[in-house]
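Colleague: No letters, just coordinates:
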């Protein structure tokens, strides 16, 4: 017995939830009734027999992770008679058959009724929309028509969708396409790229290997002259020639120039970025198009001004420009990169992701391309890495070292502290006198080798020759200082952004856009925003879903045109559909330029609350009115 899509989604939900989960909570997540959940549990138990992968009890359901792991290792993604598996096998057969296939022979070969196969062909036609391929039929003969490139792209897409929604696994690719040498090929490929000074995107590498496996498989199955694959024209590039050598060495196949050029294009646009360990000026001079650099510099300047962050770093701009050129090439070839971290980036770093959406939106308008959520997440990774380094510098805890002068002991102590704790501390003063004026020492921490007259959490007695225990105590103290800083700031800012007139309980308009319009009307009545802001929020939602977690949607516009930064909040007991997920909480945010800097830290903490399932359930249950909501939210953000 095959599992339904809802049963599969239930398993995925349980796999990401370590605690017991009630039937009502699962039903809410799936948008079904608790009775349906019980039927899905029965499906799973029947499918997994004799393994017991779901435990039942008074608290609900929980995944037996050991049994689930054994099932995952032993099972294929779909049973051979499942509709998805039949459809995939049908595509494989049609891509290999140049003269078409007889539908009645096909039905007999897979032991299904003619009507079942006709239904599969109907599903296939729907799948081929926008693929560049068409399904033609003359009598009982069906033929898949289209270019070799589009055939391979379809196989790649179906293989990705059949697997899990995260990273492609090398073993799965090898098993599907009998490409046992992929691991060794990858090792040699990475060594080649490293020797030539490239940055390597590991996520893109696995996607490239899928295309390599498909190309080798297709060429091995097709005798006779090669079928051209669309790619760059002209003489073979050095990278294409090097790929050809590696493919011959590992797979004993010779791909034609079109194949190699296509794979080299994928390698150049998905996997590598030149200029590893080279200064930004040299990278810009040798690898960056001046026009691309000017565009990115302009967009980054706009983003810096709009979001009140400092992105004006030449190294960051040059690296982002290299990425943007590859992104544009991928978009123009409809060959987008998948990013398995997209969901976690949206959840953990919502403001960084929002900044990436702004940059992507400007690029879309400039280049007339479409940028997917996965590609936006890659931009967010560039932005986040830069801001993380910048944030570390800004969040350093200041300290004063008190170490009376004896030869150069104070210098050795300072050097050791800066070497071991330089990412946490900034040494502002070193006091080398024994008659210390303790009340005049102003820093977050005082590290002293002599007994202080001043005692408190910020004063730490250490040894002249720093010990491991000293380092641990200093790190804990620095962490405590940063946490208290953040809590004080959040507590002071939280109530600025909420209003009792913008708090709604169990409010269910029909769909995301209706919710945005309804909340927008309330904010307009309070004079916080105008209709243009509501229209901007709808445009932003259409570009990329603002469901940042499984429980929270945060619709908003990208322009900071609100008169005051405010949040309209909806708390619902039952989840509503929002994009590809379901949410219980909707927070429509009106951004103003004046309030953006103070709001950013609050927003990140606010979204972080909704990443924890237990916290969300408690917030929903206890937020019976506005006062209770504010109290519970402040408590959760202060943990």
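Modeller: In hand now; what should we look at? All values derive from a computational prediction rather than experimental measurement. Numbers count the residues shown, from 1 in each chain.

Colleague: Name the nearest residue to the residue nearest in space to the middle of the chain, sequence neighbours excluded.
Modeller: Centroid-nearest residue in the chain: residue 342, 1.5 Å away (criterion: CA atoms, centre = their mean). Leaving aside its sequence neighbours, residue 342 sits nearest to residue 377 (CB to CB, 6 or more residues apart in numbering; 4.0 Å). For every residue, glycine as well, the C-beta is placed using N, CA and C.

Colleague: So, low pLDDT: which residues of the stretch 451-600 of the chain?
Modeller: Residues of the stretch 451-600 of the chain meeting the criterion pLDDT under 70: 454, 486-494, 595-598, 600.

Colleague: tell me which element residue 570 is part of?
Modeller: Assigned by DSSP states H and E, residue 570 falls within strand 561-578.

Colleague: chain center to whatever helix or strand comes next after that strand: distance?
Modeller: As assigned by DSSP H and E, the chain's next helix or strand after strand 561-578 is strand 581-592. Remark: strand 581-592 is offset 19 Å from the chain centroid, using CA atoms, centre = their mean, to the nearest Å.

Colleague: Stretch 113-127 too?
Modeller: Centre-to-centre, stretch 113-127 and its host chain are 34 Å apart (CA atoms, centre = their mean).

Colleague: what bits of the stretch 151-300 of the chain have low per-residue confidence?
Modeller: 159-172, 174-180, 221-236, 276-277.

Colleague: Now do the buried residues in stretch 430-450.
Modeller: For stretch 430-450, a neighbour-count test (16 or more other CB atoms under 10 Å) marks 430, 431, 436, 441, 443, 444, 445, 446, 447, 448, 449 as buried.

Colleague: got a list of contacts for that stretch?
Modeller: By CB atoms under 8 Å, 6 or more residues apart in numbering, the surrounding residues in contact with stretch 430-450 are 397-405, 410, 413-414, 417, 425, 428-429, 452-454, 458-464, 474, 477-478, 481.

Colleague: Just the buried ones among those, please.
Modeller: Buried, going by 16+ other CB under 10 Å: 397, 399-404, 410, 413-414, 417, 425, 458-460, 462, 474, 477-478, 481, out of these.

Colleague: out of these, which are inside strands?
Modeller: Judged by DSSP state E, the subset of the buried ones among the contacts of stretch 430-450 located in strands is 397, 399, 400, 401, 402, 425, 459, 460.

Colleague: and those residues, which two are the farthest apart?
Modeller: Within those, 397 and 402 form the most distant pair, 16.2 Å apart (CB to CB).

Colleague: Hmm, residue 361 is touching residue 542, no?
Modeller: No. Residue 361 is beyond contact range of residue 542, at 11.1 Å (criterion: CB atoms under 8 Å).

Colleague: For these two, indicate the residue with more neighbours.
Modeller: A count of neighbours by other CB atoms under 10 Å puts residue 361 above the other of residue 361 and residue 542, at 19 against 10.

Colleague: The more buried one looks like it's in a helix, true?
Modeller: Yes. Under DSSP: H, G, I helix; E, B strand; the rest coil, residue 361 falls within a helix.

Colleague: Now do the contacts for it.
Modeller: Residue 361 touches 543, 558, counting by CB under 8 Å, 6+ apart.

Colleague: distance of residue 254 from residue 548?
Modeller: Applying CB to CB, to the nearest Å, the value for residue 254 to residue 548 is 49 Å.

Colleague: okay, the two: which has more neighbours?
Modeller: Taking neighbours as other CB under 10 Å, residue 254 and residue 548 compare with residue 548 leading, 27 against 12.

Colleague: So what does the more buried one have for phi and psi?
Modeller: Residue 548 adopts backbone torsions of phi -80, psi -20, taken as degrees, to the nearest 10.

Colleague: returning to that earlier point: kindly reformat the ones in strands among the buried ones among the contacts of stretch 430-450 as CSV containing distance to residue 239.
Modeller: Listed next are those as CSV, based on distance: CB to CB, whole Å:
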residue, distance to residue 239
397, 47
399, 50
400, 55
401, 53
402, 59
425, 45
459, 59
460, 55
